[in-house]
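S.K.: can't give you the sequence, but here's the structure:
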C-alpha cells in the first residue's frame, strides 16, 4: 500500500468490495472530460459492470486512490495480457484531475508489476488526446509498433475498434519494467 504523508492527502490501496460502486461513479464522472474534445461517444459509454469490477478485485487487479477521509477518488483496473500487466482503465474524478493522482496510480502499478514479475506495463489509448497518448509518453510509455504487437494486445485493440471507430486513432503503449 502506498501511504500518504502529512502533506499528501492521497493513499493508494487495493480495492475493497465496498469500493466497487464508487469505481462506477468515478468512471462516469471522469469520462465527462471527453465532452471537451468532442468525444461524446466515449463519455456516453456505460461504466464497467459490478461483476467485472468484482472479478478484478478477486484477482488483485483493482487499486483505489482515496482522499484523507478514505473516499475513493480514482481507480486503476489491470489484467494479464501477453505476460504483461495491462492497464485496462484508469479513471480520476474531475475534482482531482491534474493533481498527480493518475501519475501516482501508474507509478504504483509499475512497482506492483515489478513485484509480481511482469516484464512491462501496457495500455491502449487515444493517440492525440492530451491526457492520453501524450500524457503516457511523458510517463515513460512508448508506442508499440503494429508489427511488434503480441496476440493479446492485438486482441485488445481489435475489441476496442468497433467501440471507437469515429473517435481519434487508438494506439497500444508499453513501459518496460
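M.R.: Sure thing, it's come through. In this text the structure is predicted, and so the values were computed from the model without any measurement.
S.K.: What sits closest to residue 136 if chain neighbours are left out?
M.R.: Among residues not flanking residue 136 along the chain, residue 173 sits closest, at 5.3 Å (Cβ to Cβ, 6 or more residues apart in numbering). Every C-beta, even on glycine, is put in place using the N, C-alpha and C of the backbone.
S.K.: neighbours around that neighbour, how many?
M.R.: Using other Cβ atoms under 10 Å, residue 173 has 23 neighbouring residues.
S.K.: Give me the packing partners of the longest helix seen in the chain, helices and strands only.
M.R.: Criterion DSSP state H: the longest helix present in the chain is helix 101-115. Identification of packing neighbours for helix 101-115 by 3 or more Cβ pairs under 8 Å, 6 or more residues apart in numbering; DSSP states H and E yields strand 11-14, strand 62-66, strand 72-81, strand 84-92, strand 120-126.
S.K.: if you set the cut-off to 6 Å instead, what comes out?
M.R.: Judged by 3 or more Cβ pairs under 6 Å, 6 or more residues apart in numbering; DSSP states H and E, helix 101-115 is in contact with strand 72-81, strand 84-92, strand 120-126.
S.K.: Any buried residues in that helix, and which?
M.R.: By neighbour count on 16 or more other Cβ atoms under 10 Å, the buried set for helix 101-115 is 101-102, 104-106, 108-110, 112-113.
S.K.: pLDDT of stretch 27-43, averaged?
M.R.: For stretch 27-43, mean pLDDT is 68.
S.K.: Which pair of the buried residues of helix 101-115 spans the longest distance?
M.R.: Greatest spacing in the buried residues of helix 101-115, by Cβ to Cβ: 101 and 113 (18.6 Å).
S.K.: where does the chain have its least confident helix or strand?
M.R.: helix 40-43 (a mean of 53; mean pLDDT, DSSP states H and E).
S.K.: related to what we said a few turns ago, export the helices and strands packed on helix 101-115 to JSON lines and append columns for mean neighbour count and distance to residue 147.
M.R.: Rendered in JSON lines, the data for these read as follows (neighbours: other Cβ atoms under 10 Å; distance: least, Cβ to Cβ, whole Å):
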{"stretch": "strand 72-81", "mean neighbour count": "22", "distance to residue 147": "18"}
{"stretch": "strand 84-92", "mean neighbour count": "23", "distance to residue 147": "17"}
{"stretch": "strand 120-126", "mean neighbour count": "23", "distance to residue 147": "16"}
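S.K.: Distance to residue 63 and mean pLDDT added to these, as a markdown table?
M.R.: Converted to a markdown table, these look like this (distance: least, Cβ to Cβ, whole Å; pLDDT from 0 to 100):
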| stretch | distance to residue 63 | mean pLDDT |
| --- | --- | --- |
| strand 72-81 | 5 | 97 |
| strand 84-92 | 9 | 95 |
| strand 120-126 | 13 | 93 |
